[in-house]
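Asker: sequence plus the predicted model coming up.
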Amino acid sequence: MTILVTGSTGTIGSHIVNHLASESVSVRALVRSDKPTAFPAGVEKVIGDMTDLDSMRAALKGVDTLFLLNAVVPDELTQALLTLDLAVEAGIQRIVYFSAFNADLFVDVPHFTAKHAVEQAIAKRAIPASVLRPAYFFQNDAMLKEAILNYGTYPMPIGAMGVAMVDARDIAAVAAKELLRRERASAPLPRNVIEIVGAEALRGEDLARIWSEVVGKTVSYAGDDLDALETMMGSFAPKWQARDARIMFRAFQKFGMLPEPASQLVLTDILDTPARTYAAFARETAESWRVQG
């Protein structure tokens with residue numbers, strides 16, 4: 001009983017590996033190089049790249065269940081479809097795919113459209129898989145230390161529609177449970193879709209207010225300036241990725257991420273505990289900033 005986790009060193013994947021390592025299953029973590037990693041004892045590390053088909057065939061050998069998470073890269077769709085095809089070729093019938101909330105609506109956002117295309121492939125091929133659709137992560141805001149503490153601004157142009165943001169740890173916990181549910185089933189389970197969203201649809205002004213309360217000084221919403229976002233992102237990320245982010249935030253401003261009320265109960269139902277709140281995340285993050293100095 002082996003579960004292969006792709007994206008194993010990232011924000012989501014690393015938490016999933018930790019969850020699975022505490023269960024009575026064999027965990028294999030896909031990594032791109034042999035540099036040291038902080039995996040729990042017993043986790044098997046396998047080197048592979050989704051554009052290197054021989055390495056992926058080797059990584060998939062003997063695997064019962066696959067967690068497929070693709071990085072936001074220009075060839076995300078190609079990597080996902082090739083890996084999915086190799087998994088089917090290897091006889092793997094237990095798959096959890098990491099998509100995105102509103103992947104079908106944000107049609108001009110490159111990495112959302114890639115995920116939607118993979119969802120369509122899963123459905124058309126009748127692959128027995130769980131499709132996870134998480135909303136925007138709280139943890140994306142962990143990089144805002146300078147803007148919040150030094151400039152008193154919340155700079156992400158979330159807009160006024162509302163985004164049901166969610167904690168990456170809750171997303172990972174749901175993913176781990178779904179992987180275990182499929183792994184331990186006596187036969188492949190039917191395809192299903194799980195929307196993973198937070199309990200609050202937060203606007204830019206809401207986020208600024210939360211940070212003001214947490215850091216004890218006024219933090220203002222910087223507004224819906226997409227030019228500023230693209231410039232900021234382009235200062236540390238590739239220009240194509242900065243543009244992708246701009247288009248995504250434009251979609252946030254137009255549509256928001258507004259789930260049906262039933263979807264907001266799913267996370268609590270699966271984990272049997274309330275979803276983490278953005279305010280709790282902000283308090284934890286502010287404390288970590290304080291410790292960092």
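Answerer: Arrived safely. Residues are numbered from 1 along each chain as shown.

Asker: give me the nearest residue to Ser99, chain neighbours excluded.
Answerer: Residue nearest to Ser99 in three dimensions, not counting chain neighbours: Lys115, with 4.3 Å by CB to CB, 6 or more residues apart in numbering. Using the backbone N, CA and C atoms, a C-beta is placed for each residue, glycine as well.

Asker: quick check, the one you found in a strand?
Answerer: No - using DSSP: H, G, I helix; E, B strand; the rest coil, the assignment for Lys115 is helix, not a strand.

Asker: is it true that it touches Asp104?
Answerer: No - assessed by CB atoms under 8 Å, Lys115 is found out of contact with Asp104, at 9.3 Å.

Asker: who has more neighbours out of the two?
Answerer: For the pair Lys115 and Asp104, the greater number of neighbours falls to Lys115 (27 against 15), based on other CB atoms under 10 Å.

Asker: tell me the mean pLDDT for stretch 151-158?
Answerer: On average, the pLDDT along stretch 151-158 is 98.

Asker: typo on my end, it should be stretch 128-143
Answerer: For stretch 128-143, the per-residue pLDDT averages 98.

Asker: give me the buried positions along that stretch.
Answerer: By neighbour count on 16 or more other CB atoms under 10 Å, the buried set for stretch 128-143 is 128-139, 141-142.

Asker: as CSV, these with secondary structure and distance to Arg191 would be great.
Answerer: As requested, the buried residues of stretch 128-143 are exported to CSV (DSSP: H, G, I helix; E, B strand; the rest coil; distance: CB to CB, whole Å):
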residue, secondary structure, distance to Arg191
Pro128, coil, 6
Ala129, strand, 5
Ser130, strand, 7
Val131, strand, 7
Leu132, strand, 12
Arg133, strand, 13
Pro134, strand, 18
Ala135, coil, 21
Tyr136, coil, 25
Phe137, strand, 25
Phe138, helix, 28
Gln139, helix, 28
Asp141, helix, 33
Ala142, helix, 33
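
Asker: of those residues, closest to Gly159?
Answerer: The shortest approach to Gly159 among those belongs to Tyr136, at 11.6 Å (CB to CB).

Asker: by mean pLDDT, flag the weakest helix or strand of the protein.
Answerer: Of all the helices and strands that make up the chain, the one with the lowest confidence by mean pLDDT, DSSP states H and E is helix 263-271; it has a mean of 91.

Asker: now that helix against strand 129-134, angle please.
Answerer: The directions of helix 263-271 and strand 129-134 differ by 120 degrees, with axes from the mean of the first three to the mean of the last three CA atoms, to 10 degrees as the criterion.

Asker: right, and the helix or strand after helix 263-271?
Answerer: Taking DSSP states H and E as the definition, the helix or strand that follows helix 263-271 towards the C-terminus is helix 278-292.

Asker: give me the buried positions along that following helix.
Answerer: Using 16+ other CB under 10 Å as the burial criterion, the residues of helix 278-292 that qualify are Tyr278, Phe281, Ala282, Thr285, Ala286, Trp289.

Asker: cool, and stretch 107-114?
Answerer: Going by 16+ other CB under 10 Å, stretch 107-114 has these buried residues: Val109, Pro110, His111, Phe112, Thr113, Ala114.

Asker: got it, and stretch 210-218?
Answerer: Ile210, Trp211, Ser212, Val214, Val215.

Asker: now that stretch: how far from the chain's centre is it?
Answerer: In terms of CA atoms, centre = their mean, to the nearest Å, the gap separating the centre of stretch 210-218 from the centre of its chain is 27 Å.

Asker: give me the contact list for that stretch.
Answerer: When contacts are taken as CB atoms under 8 Å, 6 or more residues apart in numbering, the neighbours of stretch 210-218 outside the stretch itself are Ile148, Leu149, Gly152, Tyr154, Leu202, Val219, Tyr278, Ala279, Ala282, Arg283, Ala286.

Asker: so what's the first one up against?
Answerer: Think Ile148. Residues in contact with Ile148 (CB under 8 Å, 6+ apart) are Tyr154, Trp211, Val215, Val219.

Asker: greatest separation within those residues: which pair is it?
Answerer: Using CB to CB, the contacts of Ile148 reach their maximum pairwise distance at Tyr154 and Val215, which is 10.8 Å.

Asker: what about Glu213, distance to Thr285?
Answerer: Using CB to CB, to the nearest Å, we find Glu213 at a distance of 13 Å from Thr285.
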